[in-house]
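Chemist: Structure for the following, please:
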Amino acid sequence: MVIGSSDAPDLPPGVDLMALVRRFEPVLHFTEGEMFFPMRVDDYLRRAALWSFSSADDPATLLVDHGSLDSEALAAAALAHPDWPLFLRYAPRSLQRRELRAWRRRADRPRFTGVSRLAAVGMLGRIIDSGMRLSLTLRGKVPGGLTAAAQQQYALTTPVRDAYHAHVSTDGGYVIIQYWFLYAMNDWRSSFSGVNDHESDWEQVTIYLVPARGEPAQTAQDLQVGWVAFSAHDEVGDDLRRRADDPDLGWVEGTHPVVNVGAGSHSGAYLAGDYLVRIQPPALARIFSAVSRVRALVFPWTRNRPSLGVGIPYVDYRRGDGTRIGPGSRRPWTAILIDSQTPWVRDFRGLWGLDTADPFGGERAPAGPRYERAGLVRASWADPVAWAGLDKVPATPAAQAMANAARVAELDGIIAELNEQIAESQTELRGTAAGMEVLPPAMTAARRGRDSAGTRLASQEQAIAGLRERRREAASERDQLSQVRHDTLTRPPHAHLRHRATPDTTMSTGALLRFWSGASLSVLLALLGLALLFERGSLLMTCALAVVVVTAVEAILRGRMLVFLLGLAIIAGALTLTWLFLTHLRVAAGLLALVAAVSIGVANLRTLARR
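Modeler: As a prediction, the model looks like this:
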């Protein structure tokens, strides 16, 4: 099925779009327990209904009921109500508690076994995580039975057609193929203890093609993969993409990239495994930053250990051990071409699922492949090259050579201009210096103290020094560019990455620690509650003791008792010094002097020993 033409005006007429899309279509490896797979838009709409809010104060209005909707009706309704907030409903209703319990007991329901995400992080992360989960009762939340209802609705789709919607475009020397995948449900929270749930989900895999021989392509065979980018939760820009020769990237039949799909979340990963994701809501950024600084101050040896980052812990299961779709599997793709003129892509700016009005956005359904929720065109759709940080990367060695030559010519011009400025500044500086030399010594000394020739002389010398430094930098860059090979493949495949996403291997914790990670917050709150109710002495000391007891148990279970005792000693020492400063300033100053004397003495002895 082919819809529309293409957004790729630079492709020669000899390139068959469908052949091109088929040649590079990805292979999706899902996690065992996944219930939703990519489907055709027509199959989704056939079982969906279209709703709208005519105003913020009015209840939702049914525009097109289940069984009466298709892509043409969707586009027509969007044109008829351009100012109304539109959204689709895939499941007619959520299952009630009794129905949900029966659904969970079904023998044919996919099963999943996860790991303890809370055991992988500290107490602060658990506290904030509990607050975020409690906040779901106050903000828009997808009903608990909606996943089951959506799964039942999805199971009625026969025959099941695994499909992608491909968008082809060109930019900056690249031919870009975006494979868009529509899922009936994102059940990351309810099925896999993730961040959120929302009805329907749109994800993508983007392939950046370059000429195989550096010449304009005439057929699909004349193009090869330069870069691949998977949509992900915790990567942006350069970190989204991988080069075709990256060892982390798997291939089927040489041209089909392997994508390990997140369970429920449907994010993509290059390496199969469990990924610990630490979410840091913007509203809590200052708290996380303060905690990180305190941790680095108390435990300085942890500064370069990113695995101990502070945040709300979630696990994205991208194991690749379940259903596989695409070339080399038993489930082939149904390919559908779309572009900016495809009616439903162009006209429907609403949401593909339930609109919960969640102010955080996590529980709201997404918009389609072309639009954001606010109705603006997605950057990944309109500017996929910039979205993956490829604006700065030439598509071919020839383009790289041209870019280098242009930069060398620009640097030659900069150096020539700097030479002229230095010569002019030298003449001016020497004139100032000559004027200083003919003055009597007494007058020269007096003038150096005022804003006159002496001050001007120093300023001119600094200006020339700055010009010379700029010239050295330009000359160094020019010489280096003149010597490098004009081929991006000479660089290591991970050289462009700021953060290389890899599976977390530290989450295989023991049963006792998994139990404690789930119970520790309740134990701490219970101890604090008992202290508030029954303590008759020092309430502050009792609460502090409760915190120490809970953290000590955690340190024992994690095998970090020595670190805990050291941190406790540092904190106790800091509190003691603070108390002494407030009450006995003389004693505190004396202790500080002794500590400083020991530290300086040890440092000096080490220096002498090295000599």
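
Chemist: tell me the contacts of the residue nearest to residue 169 when sequence neighbours are not counted?
Modeler: Nearest residue to residue 169 in three dimensions, chain neighbours excluded: residue 7, at 4.2 Å (CB to CB, 6 or more residues apart in numbering). Where C-beta positions appear, they are placed from N, C-alpha and C, glycine not excepted. Neighbour list for residue 7: 167-170, 339-340 [criterion: CB atoms under 8 Å, 6 or more residues apart in numbering].

Chemist: And for residue 142?
Modeler: 189-190, 196-199, 354, 356, 363.

Chemist: Surely it is within a helix?
Modeler: No - counting by DSSP: H, G, I helix; E, B strand; the rest coil, residue 142 is not found in a helix; it is coil.

Chemist: on that earlier part again, among the contacts of residue 7, who's most crowded?
Modeler: Ranked by neighbour count (other CB atoms under 10 Å), the contacts of residue 7 have residue 167 at the top, with 28 neighbours.

Chemist: mind checking pLDDT for that residue?
Modeler: Note for residue 167: predicted pLDDT of 96.

Chemist: Surely it is in contact with residue 178?
Modeler: Yes - judged on CB atoms under 8 Å, residue 167 makes contact with residue 178 at a distance of 4.4 Å.

Chemist: shared neighbours of these two, anything?
Modeler: With CB under 8 Å, 6+ apart, residue 167 and residue 178 have common neighbours 369, 381.

Chemist: Now render the contacts of residue 142 as JSON lines, adding pLDDT, secondary structure and neighbour count.
Modeler: JSON lines is the format used below for the contacts of residue 142 (pLDDT from 0 to 100; DSSP: H, G, I helix; E, B strand; the rest coil; neighbours: other CB atoms under 10 Å):
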{"residue": "189", "pLDDT": "86", "secondary structure": "helix", "neighbour count": "23"}
{"residue": "190", "pLDDT": "87", "secondary structure": "helix", "neighbour count": "19"}
{"residue": "196", "pLDDT": "84", "secondary structure": "coil", "neighbour count": "23"}
{"residue": "197", "pLDDT": "88", "secondary structure": "coil", "neighbour count": "26"}
{"residue": "198", "pLDDT": "91", "secondary structure": "strand", "neighbour count": "26"}
{"residue": "199", "pLDDT": "92", "secondary structure": "strand", "neighbour count": "31"}
{"residue": "354", "pLDDT": "89", "secondary structure": "coil", "neighbour count": "26"}
{"residue": "356", "pLDDT": "83", "secondary structure": "coil", "neighbour count": "23"}
{"residue": "363", "pLDDT": "84", "secondary structure": "coil", "neighbour count": "23"}
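
Chemist: Could you list the low-confidence segments of the stretch 401-550 of the chain?
Modeler: Scanning the stretch 401-550 of the chain for pLDDT under 70 picks out 436-453, 484-489, 505-511, 513-521, 535-539.

Chemist: And for the stretch 1-150 of the chain?
Modeler: For the stretch 1-150 of the chain, the ranges with pLDDT under 70 are 1-6, 54-58, 115-140.

Chemist: rerun that using 90 as the cut-off
Modeler: Scanning the stretch 1-150 of the chain for pLDDT under 90 picks out the ranges 1-17, 19, 53-61, 67, 82-84, 97, 99-144.

Chemist: residue ranges of the strands in it, please?
Modeler: 27-29, 49-52, 61-64, 86-89 (DSSP state E, counting those that start in this stretch).

Chemist: do the same with the stretch 201-350 of the chain
Modeler: 223-230, 241-243, 251-252, 256-261, 268-269, 273-279, 312-318, 324-325, 334-338.

Chemist: still on that earlier bit, let me have the strands of the stretch 1-150 of the chain in JSON lines, adding mean neighbour count as columns.
Modeler: Converted to JSON lines, these look like this (neighbours: other CB atoms under 10 Å):
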{"stretch": "strand 27-29", "mean neighbour count": "24"}
{"stretch": "strand 49-52", "mean neighbour count": "21"}
{"stretch": "strand 61-64", "mean neighbour count": "16"}
{"stretch": "strand 86-89", "mean neighbour count": "23"}
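
Chemist: Out of these, flag the one nearest residue 240.
Modeler: When the strands of the stretch 1-150 of the chain are compared by CB to CB, strand 27-29 sits nearest residue 240, at 17.3 Å.

Chemist: Can I get stretch 568-579 in CSV, CA atoms only?
Modeler: Taking Å, rounded to 0.1, in the frame of the first residue of the first chain, the C-alpha atoms of stretch 568-579 are listed here in CSV:
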residue,chain,number,x,y,z
LEU,A,568,28.8,8.9,59.6
ALA,A,569,32.1,9.9,61.2
ILE,A,570,32.5,12.9,58.7
ILE,A,571,28.9,14.1,59.4
ALA,A,572,29.4,13.7,63.1
GLY,A,573,32.7,15.6,63.0
ALA,A,574,31.1,18.4,60.9
LEU,A,575,28.2,18.7,63.3
THR,A,576,30.6,18.7,66.3
LEU,A,577,32.7,21.5,64.8
THR,A,578,29.6,23.5,64.0
TRP,A,579,28.4,23.1,67.6
